[in-house]
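> with the sequence up front, the predicted model follows.
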Amino acid sequence: MAILAVAMPLAANAADLPPAPPSYKSPVMAPVPAYNWTGFYIGASVGGEWEKIDGNFTLGPGAWSVENSRGMWDAHIGAQYQWNSLVLGVEGNFVGLFKDNNAGTSSCGAGCAANAFMTANLVDNIWTIGGRLGWAFGPWMPYVSGGYANTRVDNSFFNTAGLFIESTRTRHDGAYIGGGFDWQVWNTPGGALVAGIEYRHYEFQSVSATPILFNGLANPVDNWAIKPHADTIEGRLSWLFNWGGPVVARY
């Protein structure tokens with residue numbers, strides 16, 4: 001009875017206390033896609049191109065060097081695979097050059113009359129296919145690139161009065177090496193929007209050719225050799241299609 005006498009007032013006091021606050025749990029966050037660089041991608045670029053075309057007569061004295069600069073655009077397609085932080089890929093490019101009739105001029109030295117001159121320029125495009133080796137950390141991926149390249153060159157000879165005499169159009173195999181970085185601007189489960197910048201240096205083989213005169217006949221006496229070089233820097237924008245869905249971040 002004594003116990004009941006003590007317990008009853010305690011129970012009455014407990015009934016007058018405010019209710020205990022509800023128990024809150026932290027919301028469970030859904031996993032979000034991690035940055036994944038594996039996939040197939042397509043894109044386009046815009047930038048600038050600088051070229052230098054060296055030439056010389058193969059049967060006598062006379063040499064020249066012509067420099068041009070102009071805008072360029074690019075369409076590219078590629079695929080890459082990520083192992084941990086290492087990203088290995090392959091990419092093909094079509095590089096279009098603006099103002100394809102823009103040709104620098106140069107005198108041809110001792111082999112020509114004092115005011116005779118040469119013009120030369122890459123015709124209108126460069127084709128490439130090559131590899132990329134990158135190092136991914138989050139949304140960023142610096143990389144190096146290199147591979148095969150191909151282009152054409154127009155080279156023309158004008159006399160002292162500025163009248164056209166003869167010309168050649170040659171195709172040149174070559175190689176490029178470069179580097180840049182990519183940034184995943186927008187990351188989704190199905191892919192990513194990737195922005196970047198890349199620099200490339202191109203070296204092409206020397207090719208000998210027999211010029212064609214203004215009357216359509218070949219002129220073997222003025223046979224010459226042409227060697228082009230080029231550099232490009234471009235801003236890139238690509239869409240990366242992830243293979244097999246996104247990599248899922250773990251908590």
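Happy to help now that I have it. Numbers count the residues shown, from 1 in each chain.

> you'd agree residue 60 is up against residue 109?
No: with contact taken as C-beta atoms under 8 Å, residue 60 and residue 109 are classed as non-touching, separated by 10.7 Å. For glycine as for every other residue, the C-beta is placed from the backbone atoms N, C-alpha and C.

> out of these two, name the residue with the larger neighbour count.
Higher neighbour count among residue 60 and residue 109: residue 109, with 15 against 12, using other C-beta atoms under 10 Å.

> show the contacting residues for that one.
61, 62, 63, 64 (C-beta atoms under 8 Å, 6 or more residues apart in numbering).

> give me the number of residues near the second one?
If I follow you right, that is residue 62. Using other C-beta under 10 Å, residue 62 has 20 neighbouring residues.

> now the first one
With neighbours defined by other C-beta under 10 Å, the count for residue 61 comes to 11.

> is it fair to say it lies in a strand?
No: assigned with DSSP: H, G, I helix; E, B strand; the rest coil, residue 61 falls outside any strand and is coil.

> give me the distance between the two termini of stretch 157-172.
20 Å (C-alpha to C-alpha, to the nearest Å).

> just the buried positions in stretch 186-205, please.
For stretch 186-205, the buried set under the neighbour-count rule, 16 or more other C-beta atoms under 10 Å, comprises 187, 191, 192, 194, 196, 198, 200, 202, 204.

> now swap in stretch 219-226 and tell me
When neighbours are counted by 16+ other C-beta under 10 Å, the buried residues of stretch 219-226 are found to be 222, 223, 224, 225, 226.

> pick the one among the residues you listed closest to residue 242.
Ranked by distance to residue 242 (C-beta to C-beta), these are led by residue 226 at 44.4 Å.

> what kind of secondary structure is that closest one in?
With three-state DSSP as the basis, the three-state label of residue 226 is strand.

> remind me which residues of this protein are low pLDDT?
Low-confidence segments of the chain, defined by pLDDT under 70, span residues 1-33, 100-102, 244-251.

> and the longest strand for it?
strand 164-188 (DSSP state E).

> show me the contacts for the residue nearest to residue 114 when sequence neighbours are not counted.
Taking C-beta to C-beta, 6 or more residues apart in numbering, and ignoring the residues beside it in sequence, residue 114 has residue 160 as its nearest neighbour in space, at 7.0 Å. Contact partners of residue 160, counting by C-beta under 8 Å, 6+ apart, are 113, 114, 115, 116.

> if I look at the third one, how far off is residue 107?
Noted for residue 115: a distance of 8 Å to residue 107, by C-beta to C-beta, to the nearest Å.

> before we move on, what about the second one?
Taken as C-beta to C-beta, the spacing of residue 114 relative to residue 107 amounts to 8 Å.

> which one of those two has more residues nearby?
More neighbours surround residue 107 than the other of residue 114 and residue 107, with 17 against 6 (other C-beta under 10 Å).

> that one touches residue 113, doesn't it?
No: using C-beta under 8 Å, residue 107 and residue 113 do not qualify as a contacting pair, with a distance of 9.5 Å.

> dump the contacts of residue 109 to CSV, plus distance to residue 155.
Output for the contacts of residue 109, formatted as CSV (distance: C-beta to C-beta, whole Å):
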residue, distance to residue 155
61, 17
62, 13
63, 12
64, 9
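
> residue 77 touches residue 92, doesn't it?
Yes: Residue 77 is in contact with residue 92 according to C-beta under 8 Å; the separation is 5.5 Å.

> hey, where'd the helices end up in the stretch 1-150 of the chain?
If DSSP state H, counting those that start in this stretch is used as the criterion, the helices of the stretch 1-150 of the chain fall at 2-15.

> strands of that one, start to end?
The residue ranges that make up the strands of the stretch 1-150 of the chain, judged by DSSP state E, counting those that start in this stretch, are 39-57, 63-83, 86-97, 104-107, 117-135, 140-158.
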